[in-house]
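> no sequence on this one, just coordinates:
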C-alpha cells in the first residue's frame with residue numbers, strides 16, 4: 001500500500017518516526033513535508049496531501065499538527081477527502097468501518113506508541129459496506145459536489 005504523510009512543524013518529529021515505522025512494516029510512504037522544525041502554515045501541507053489522495057497518487061493519507069484539528073479541517077476542504085481526527089484505537093477502527101476515511105489526522109504530541117497503535121488499526125481495518133454507511137458517504141459526496149456549484 002502506498003501512503004502519503006505530511007505535517008507542520010509541530011508534527012515533524014512524529015512524522016519522521018512514523019515514516020520509518022511504516023516502511024519497516026512494508027508500506028511505501030511518500031513524504032509531502034514539512035522538512036524541518038521551522039514554523040510553517042499547516043494548510044499548505046494538508047492541502048497537498050489531500051490532493052495526492054484525491055488524485056490517487058497514494059491510497060491513504062496521514063496528517064499531523066499540534067492538535068490534529070487544523071490539518072483535519074484543511075484536508076476536508078479537498079473534494080473527496082474524508083479526514084478524521086483520531087485520538088484512540090476505537091476511533092481509528094470506527095472511522096474506517098463506518099466512514100471509509102481516507103485520511104487520518106493525528107495530534108503531534110501524543111505518545112508515539114499510541115500513534116503507532118492507531119495507525120496499525122486504521123491501515124488494516126476495511127470499510128464495512130453496509131448500505132446505510134454507503135448511503136451516508138454518497139450523501140456527503142453529493143452535497144460536496146452541489147455546494148461547490150454555488151461558488152462557480
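Looks like it arrived, so ask away. Since we're looking at a predicted model, the values are computed, not measured.
> what residues are up against the residue nearest to residue 28 when sequence neighbours are not counted?
Beyond its immediate neighbours in the sequence, the residue positioned closest to residue 28 (CB to CB, 6 or more residues apart in numbering) is residue 2, lying 4.6 Å away. The way it works is simple: take the backbone N, C-alpha and C, and place the C-beta from them, glycine included. Shown here is residue 2, whose contacts under the criterion CB atoms under 8 Å, 6 or more residues apart in numbering are 27, 28, 29, 30, 57, 58, 59.
> now, the most widely separated pair of these?
The two members of the contacts of residue 2 with the most space between them (CB to CB) are 27 and 57, at 14.6 Å.
> Which positions within the one helix or strand in the chain whose mean pLDDT sits lowest qualify as buried?
Least confident element among the helices and strands of the chain, by mean pLDDT, DSSP states H and E: helix 131-149 (a mean of 90). Neighbour counts over helix 131-149 (16 or more other CB atoms under 10 Å) mark residue 137 as buried.
> hmm, who's touching that helix?
By CB under 8 Å, 6+ apart, the residues outside helix 131-149 that reach it are 79, 80, 82, 97, 98, 99, 100, 127.
> so how far is it off the chain centroid?
19 Å (CA atoms, centre = their mean, to the nearest Å).
> Stretch 83-102 too?
Its chain's C-alpha centre and that of stretch 83-102 lie 10 Å apart, by CA atoms, centre = their mean.
> Equivalent analysis for stretch 46-65, please.
When distances are taken as CA atoms, centre = their mean, stretch 46-65 is centred 7 Å away from the chain's centroid.
> Kindly report the same for stretch 74-82.
Between the centre of stretch 74-82 and the centre of its chain there are 9 Å (CA atoms, centre = their mean).
> List only those of the contacts of helix 131-149 flagged as buried.
Those of the contacts of helix 131-149 that meet the buried threshold are 82, 97, 98, 99, 100, 127, by 16+ other CB under 10 Å.
> Now intersect these with the helices, please.
Among the buried ones among the contacts of helix 131-149, the members falling in helices (DSSP state H) are residue 97.
> now the buried ones among the contacts of helix 131-149 as TSV including distance to residue 73 and pLDDT?
Formatted as TSV, these follow (distance: CB to CB, whole Å; pLDDT from 0 to 100):
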residue	distance to residue 73	pLDDT
82	13	98
97	23	97
98	20	97
99	16	97
100	19	97
127	23	96
